[in-house]
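Enquirer: the amino acid sequence is not available; the structure is as follows:
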(Lines give C-alpha, C1' and ligand atoms only; values in the text may rest on other atoms or scores of the structure.)
Protein backbone atom coordinates (compact mmCIF):
# COMPACT_ATOMS: atom_id res chain seq x y z
CA UNK A 1 0.00 0.00 0.00
CA UNK A 2 2.81 2.43 0.86
CA UNK A 3 4.52 1.80 -2.48
CA UNK A 4 1.24 2.34 -4.33
CA UNK A 5 0.67 5.64 -2.50
CA UNK A 6 4.19 6.82 -3.26
CA UNK A 7 3.81 5.78 -6.89
CA UNK A 8 0.57 7.72 -7.15
CA UNK A 9 2.22 10.75 -5.52
CA UNK A 10 5.14 10.56 -7.95
CA UNK A 11 2.76 10.19 -10.89
CA UNK A 12 0.84 13.29 -9.79
CA UNK A 13 4.07 15.18 -9.28
CA UNK A 14 5.31 14.10 -12.71
CA UNK A 15 2.09 15.38 -14.31
CA UNK A 16 2.53 18.74 -12.58
CA UNK A 17 6.12 18.96 -13.83
CA UNK A 18 5.01 18.10 -17.37
CA UNK A 19 2.29 20.77 -17.14
CA UNK A 20 4.82 23.35 -15.97
CA UNK A 21 7.18 22.45 -18.79
CA UNK A 22 4.36 22.82 -21.32
CA UNK A 23 3.46 26.21 -19.84
CA UNK A 24 7.09 27.33 -20.06
CA UNK A 25 7.29 26.09 -23.62
CA UNK A 26 4.20 28.12 -24.57
CA UNK A 27 5.64 31.21 -22.88
CA UNK A 28 8.91 30.68 -24.72
CA UNK A 29 7.08 30.48 -28.07
CA UNK A 30 5.19 33.70 -27.28
CA UNK A 31 8.45 35.42 -26.35
CA UNK A 32 10.03 34.27 -29.59
CA UNK A 33 7.13 35.67 -31.61
CA UNK A 34 7.29 38.95 -29.69
CA UNK A 35 11.04 39.21 -30.19
CA UNK A 36 10.65 38.64 -33.93
CA UNK A 37 8.02 41.38 -34.09
CA UNK A 38 10.20 43.78 -32.10
CA UNK A 39 13.17 43.02 -34.35
CA UNK A 40 11.09 43.71 -37.45
CA UNK A 41 9.89 47.00 -35.95
CA UNK A 42 13.43 48.03 -35.04
CA UNK A 43 14.60 47.37 -38.61
CA UNK A 44 11.68 49.40 -39.95
CA UNK A 45 12.50 52.28 -37.61
CA UNK A 46 16.18 52.12 -38.61
CA UNK A 47 15.17 52.29 -42.26
CA UNK A 48 12.99 55.33 -41.60
CA UNK A 49 15.78 57.03 -39.63
CA UNK A 50 18.19 56.41 -42.51
CA UNK A 51 15.69 57.91 -44.94
CA UNK A 52 15.27 60.98 -42.71
CA UNK A 53 19.05 61.28 -42.45
CA UNK A 54 19.39 61.10 -46.25
CA UNK A 55 16.71 63.74 -46.70
CA UNK A 56 18.37 65.98 -44.12
CA UNK A 57 21.67 65.68 -45.97
CA UNK A 58 19.92 66.63 -49.23
CA UNK A 59 18.24 69.60 -47.58
CA UNK A 60 21.59 70.69 -46.15
CA UNK A 61 23.16 70.56 -49.61
CA UNK A 62 20.25 72.53 -51.05
CA UNK A 63 20.56 75.10 -48.26
CA UNK A 64 24.28 75.46 -48.94
CA UNK A 65 23.62 75.87 -52.67
CA UNK A 66 20.95 78.46 -51.94
CA UNK A 67 23.28 80.27 -49.57
CA UNK A 68 25.98 80.34 -52.25
CA UNK A 69 23.46 81.60 -54.83
CA UNK A 70 22.21 84.35 -52.55
CA UNK A 71 25.71 85.44 -51.60
CA UNK A 72 26.75 85.47 -55.27
CA UNK A 73 23.77 87.67 -56.18
CA UNK A 74 24.37 90.05 -53.29
CA UNK A 75 28.07 90.49 -54.00
CA UNK A 76 27.72 91.04 -57.74
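Expert: That came through fine. All figures in this text were calculated on a predicted structure; none of them were measured in a lab.

Enquirer: so who does residue 51 touch?
Expert: Shown in contact with residue 51 (CB atoms under 8 Å, 6 or more residues apart in numbering): no residues. C-beta: built from backbone N, CA, C; applies to glycine.

Enquirer: for the record, mean pLDDT for the strand or helix carrying it?
Expert: Assessed by DSSP states H and E, residue 51 sits inside helix 2-75. Taken as a whole, helix 2-75 has an average pLDDT of 94.

Enquirer: quick one: that helix to chain centroid distance?
Expert: Centroid displacement of helix 2-75 relative to its chain, using CA atoms, centre = their mean, to the nearest Å, is 0 Å.

Enquirer: heads up, I number from 26, so please use that
Expert: In the new count, where the first residue is 26, that last one comes out as helix 27-100.

Enquirer: contact partners for residue 73?
Expert: Residues near residue 73 by CB under 8 Å, 6+ apart: none.

Enquirer: how much space separates it from residue 41?
Expert: Look at residue 73 and residue 41: by CB to CB, to the nearest Å, they are 48 Å apart.

Enquirer: likewise for residue 78?
Expert: Distance, residue 78 to residue 41, by CB to CB: 54 Å.

Enquirer: likewise residue 54?
Expert: Per CB to CB, residue 54 is found 21 Å from residue 41.

Enquirer: go on, residue 89?
Expert: According to CB to CB, residue 89 and residue 41 sit 71 Å apart.

Enquirer: what's the answer for residue 65, then?
Expert: Residue 65 sits 37 Å away from residue 41, going by CB to CB.

Enquirer: residue 77 - how many residues pack around it?
Expert: By other CB atoms under 10 Å, 10 other residues sit near residue 77.

Enquirer: centroid-nearest residue for the chain?
Expert: What sits nearest the mean C-alpha location of the chain, by CA atoms, centre = their mean, is residue 63, with 2.1 Å.
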